[in-house]
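A.B. asks: Pasted the sequence and its predicted model underneath.
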Amino acid sequence: MPGMRVRSVRLRLVHVLLVPWPPKRKDSKESHSSAVIGLAWKCASSYHSSWELSDSEWESRESWRHLSQFIDRGKQFLPAESYADENYSMGAAGLGQINMFSPLAHLNVLWVATRRELHWFLQSQYRILTNSLDFSLGFSMTSVDVVSSPNMSSVLCVAQGESRDVSRAKVFSSEVKIFSCPLLESKRFDLQILAAAHQSIFSRMRSVKQGIESAVNSWVSALRPLDAKFQRLFQLFCNYNVTKSEFEVGSASISIREELLRFILSGRSTVVGDASNALDQFFTRPDMHDQLLIKEANGIKASIGSIEAKLSSSVQSQIRAIVYEIEELYGLVRAQECTVTDSILIEPDMALRLYSSSRILFLTFERFIAHVVKARSRLNDFLAWIRGTATEIRARGTAADSIQRQHARDRRCPHGVVCRITDILSKPILSPCHGVTDLKLDHRKLTECIIGVPLSDSLAAYSIPSKKEKDYPDGGGTVKSALQQTFEIAAALFDQPRSVFSRSLCAMDMTFEVRHSIIALHTRIGVGSESPSCDGYFSPRINGDLSLLLCPYWVLVVRTITLTPGADALEINAIPSYVLDTASEANDRPASSNAPLVCLQAHLRIPNGCEVASLAFYSGNNLLSPNLDIDVGLKEEKQSLGLIMKQKRDNSVIEELWKIQYDNVLFEVCDLKVTSHEVRIATSINRDNFSTLSPTQVDDDNIDIKKRLICTRDSSIESQTSQLGLCGSRGTGGVLTFGPLSALEIFDLEEDEDADDEGDEESCQVEEED
């Protein structure tokens, strides 16, 4: 805020390194080459009202306008719990709350650049493409700047490196490459649906896995008291020579089930033998007291009930949503198969496999829920029988009218419960696996084996002999195997578009006849008609054919070049969009204008004694939200060029931020040399149209410059590298200075500058000492 003084704060900067995958070793070259040195994000924009759209573009827009009414309809009938975790909603004017990962959100791409590769992430999560950069700078590369066209069909990458010559002086170099991927524009709406499905399906599968594992862990924890009791019972059987095997869940559960069944059917008879003595000792232990059993039973029942409720409400709803979304994806793939003859992103057979696998997952989980319900019912019967039997055995040998006898009569287990217990113990254990070939019991718990419902089998990694849904009418294998199979098929399905995009990618080099030291890239919205009825676009001033200006967007390349020793200049190159489209063979040039392969070029002389340390564009627009309606028109706002200018005065060096309004600069037409692998830009200087920037005034009335003092330092101090960053939408800027004392200065560019109050400018400085 104007007039507010912000105190400098010293903080230790925390450096966060984002890499596409974990590095192998810190000292390996692979780890060094995977370090992220460039990030860029772009949202697909709408059309400017002056653009003349082709029939195919109009058809695509109209098709999406109708299709968007029928997608993402799961909220109309799926349980609310299916969307409980999706809190990434953003508000948009007239659109309410729209999830930023919804297929209704505009397509956006995050580019992540390393020293070797450029990764393309749809909706910032789904990696759709990875291409090699092949810059010759190698490990001297310090940063990669990425600039995209509004439709994201063309991307320019600038790699900047820093090295030292023989005299140990710093030498800056850079390379420019053009990557064109026309499918990003033609498949824009399909990719919105695909990226949303990728994010939703994988996030839901992770939620299912976490929910099931959490439920099973709670199940094991709930059964731990009964496990301890049954282990002591098995030890008693071993002490009484009822069984001589060592403790192992499988054999121990079989022995306990047999002796309990014999005890229920025969009671204290010679048939039971020594096992009756072991059972008497087991039921009369102190931990089998009635009050303790009641408390323990209530805790187990509550835990099992909460597990069942959690699985039925949250996990089950997520699986239903997975099946629904995969079914919708399969339908869209089949529809595209009927309408698209080339560049099919997903094969219908693979989508059908994924749908069948999701159905198997759903049926398997439904059976798992049924087993949870059955296990809860069996546990209730076992707990009631254990309590009644313990009370009855404690009452043996007491008087007929004793309180123990009265309690035994009151807590006598109903005949129906006894019949169900005997039925459970006489039948084999229920297994959730059909046709399993590698059955192992190491994961099972003793209690669940005794009650005959080993729920831990549902997370065992059992192999499924068949992957066809018809072979498993009630689900096949385990939940873990079904979930893993669905995950693998989904990963293979979403890998298919990458090969399609890799084949459509075109790479070219952009070279210049005159070398430069610093370079910056930017895109501007162009005008599509000769008489536009609106504003908010870039229309450069030229001496020549005005039909050259009719293009959807411009790519601006600003460089600092050396004209003669000691004489530097800013070169502004405005490259029309059809140059990149023609180079990548994505579109034809406008037939009406028969536009040649040219660019526009302007030069601004840098004053003597001044040096440009960094370049950046200052741009503001309405394209920051991914949820804009498709009919919202483009409109550019404030646009300027920012640079850090160093000037030597006496024994000091003054660093200033210059903001240059370049819209009214007069451009000259310059021919381009375009081949199948290179775009070459020549430098053509018109001495009659050559403006000179001055620290005090400008000799061209069409150029507006605003200055701001950054710092003043002694000339004896070693020169430090500065990097400029500008944000037009927020009206702020920042200068990051590297060296023994690194500093970050953030300032407000919109406040009115007063020469008398330069010391009261709003700033925030963060310093870091090595």
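C.D. replies: That came in fine, so what should we check first? Numbers count the residues shown, from 1 in each chain.

A.B. asks: For the protein, which segments count as helices?
C.D. replies: Remark: helices assigned in the chain by DSSP state H are 29-33, 55-67, 183-186, 188-239, 249-266, 274-283, 290-310, 316-339, 348-395, 403-410, 415-426, 446-450, 479-504, 577-583.

A.B. asks: dump the residue contacts of the nearest residue to residue 413 once chain neighbours are set aside.
C.D. replies: Once flanking residues are discounted, residue 413 sits nearest to residue 388: 3.6 Å by Cβ to Cβ, 6 or more residues apart in numbering. All C-beta spots, glycine's among them, are computed from the backbone N, C-alpha and C. The contact partners of residue 388, taken as Cβ atoms under 8 Å, 6 or more residues apart in numbering, are 408, 411-413.

A.B. asks: what about 10 Å?
C.D. replies: 290, 293, 407-408, 410-414, 417-418 (Cβ atoms under 10 Å, 6 or more residues apart in numbering).

A.B. asks: would you list the helices of the chain in a markdown table and tack on distance to residue 730 and mean pLDDT?
C.D. replies: Shown next, in a markdown table, are the helices of the chain (distance: least, Cβ to Cβ, whole Å; pLDDT from 0 to 100):
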| stretch | distance to residue 730 | mean pLDDT |
| --- | --- | --- |
| helix 29-33 | 34 | 55 |
| helix 55-67 | 31 | 67 |
| helix 183-186 | 28 | 82 |
| helix 188-239 | 27 | 88 |
| helix 249-266 | 63 | 87 |
| helix 274-283 | 73 | 85 |
| helix 290-310 | 44 | 89 |
| helix 316-339 | 36 | 85 |
| helix 348-395 | 43 | 91 |
| helix 403-410 | 76 | 85 |
| helix 415-426 | 68 | 91 |
| helix 446-450 | 59 | 89 |
| helix 479-504 | 33 | 90 |
| helix 577-583 | 27 | 69 |
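
A.B. asks: what's the closest of the ones you listed to residue 704?
C.D. replies: Closest of these to residue 704 is helix 577-583, at 26.6 Å (criterion: Cβ to Cβ).

A.B. asks: Would you check how far apart residue 367 and residue 430 are?
C.D. replies: Look at residue 367 and residue 430: by Cβ to Cβ, to the nearest Å, they are 10 Å apart.

A.B. asks: can you check residue 420 too?
C.D. replies: From residue 420 to residue 430 the distance is 14 Å (Cβ to Cβ).

A.B. asks: Equivalent analysis for residue 260, please.
C.D. replies: Between residue 260 and residue 430 the distance is 17 Å, computed by Cβ to Cβ.

A.B. asks: more neighbours, the two?
C.D. replies: Legend: neighbour count by other Cβ atoms under 10 Å for residue 260 and residue 430, higher for residue 260 (23 against 19).

A.B. asks: wait, what's in contact with the residue nearest to the spatial centre of the chain?
C.D. replies: The chain has residue 125 as the residue nearest its centroid, 2.7 Å off, counting by Cα atoms, centre = their mean. Going by Cβ under 10 Å, 6+ apart, residue 125 touches 101, 110, 195-196, 198-199, 202-203.

A.B. asks: now the residues you listed as CSV including distance to residue 520 and neighbour count?
C.D. replies: Formatted as CSV, the contacts of residue 125 follow (distance: Cβ to Cβ, whole Å; neighbours: other Cβ atoms under 10 Å):
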residue, distance to residue 520, neighbour count
101, 32, 21
110, 21, 18
195, 30, 25
196, 34, 26
198, 34, 24
199, 33, 22
202, 37, 17
203, 37, 16
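
A.B. asks: Pick the one among those residues closest to residue 597.
C.D. replies: Nearest to residue 597, judged by Cβ to Cβ, of the contacts of residue 125 is residue 110 at 31.3 Å.

A.B. asks: Just confirm the closest one contacts residue 118, I think it does.
C.D. replies: No. The criterion here is Cβ atoms under 10 Å, and residue 110 misses it with residue 118 at 11.1 Å.

A.B. asks: anything in contact with each of the two?
C.D. replies: 40, 146.

A.B. asks: Okay, strands next: where are they in the stretch 551-700 of the chain?
C.D. replies: Per DSSP state E, counting those that start in this stretch, the stretch 551-700 of the chain carries strands over the ranges 553-564, 567-576, 598-605, 610-621, 636-649, 652-661, 666-674, 678-681, 691-692.

A.B. asks: So which of those is nearest residue 400?
C.D. replies: Taking Cβ to Cβ, strand 610-621 is the member of the strands of the stretch 551-700 of the chain nearest to residue 400, at 93.8 Å.

A.B. asks: Let's test this: mean pLDDT of the closest one, rounded?
C.D. replies: Averaging pLDDT along strand 610-621 yields 82.

A.B. asks: Just give me the neighbour total for the closest residue to residue 723 other than its chain neighbours.
C.D. replies: Of all residues not flanking residue 723 in the chain, residue 736 sits nearest, at 4.7 Å (Cβ to Cβ, 6+ apart). Neighbour count of residue 736, defined by other Cβ under 10 Å: 16.

A.B. asks: same thing with residue 513?
C.D. replies: For residue 513, the count of nearby residues is 10 (other Cβ under 10 Å).

A.B. asks: Tell me the confidence at it?
C.D. replies: Looking at residue 513, its pLDDT stands at 81.

A.B. asks: And it, how far from residue 598?
C.D. replies: For residue 513, the distance to residue 598 - Cβ to Cβ - is 15 Å.

A.B. asks: Over to residue 115?
C.D. replies: Residue 115 is 34 Å from residue 598, by Cβ to Cβ.

A.B. asks: And residue 397, by the same measure?
C.D. replies: Distance from residue 397 to residue 598, by Cβ to Cβ: 111 Å.

A.B. asks: Compare the two and say which is more crowded by neighbours.
C.D. replies: Under the criterion of other Cβ under 10 Å, the comparison of residue 397 against residue 598 puts residue 598 first, with 16 against 8.

A.B. asks: hmm, which of the contacts of residue 388 are the buried ones?
C.D. replies: Buried subset of the contacts of residue 388 (neighbour count, 16 or more other Cβ atoms under 10 Å): 293, 407-408, 411, 413, 417-418.

A.B. asks: Can you lay out those residues as JSON lines showing distance to residue 326?
C.D. replies: Below are these laid out as JSON lines (distance: Cβ to Cβ, whole Å):
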{"residue": "293", "distance to residue 326": "47"}
{"residue": "407", "distance to residue 326": "57"}
{"residue": "408", "distance to residue 326": "57"}
{"residue": "411", "distance to residue 326": "52"}
{"residue": "413", "distance to residue 326": "48"}
{"residue": "417", "distance to residue 326": "43"}
{"residue": "418", "distance to residue 326": "47"}
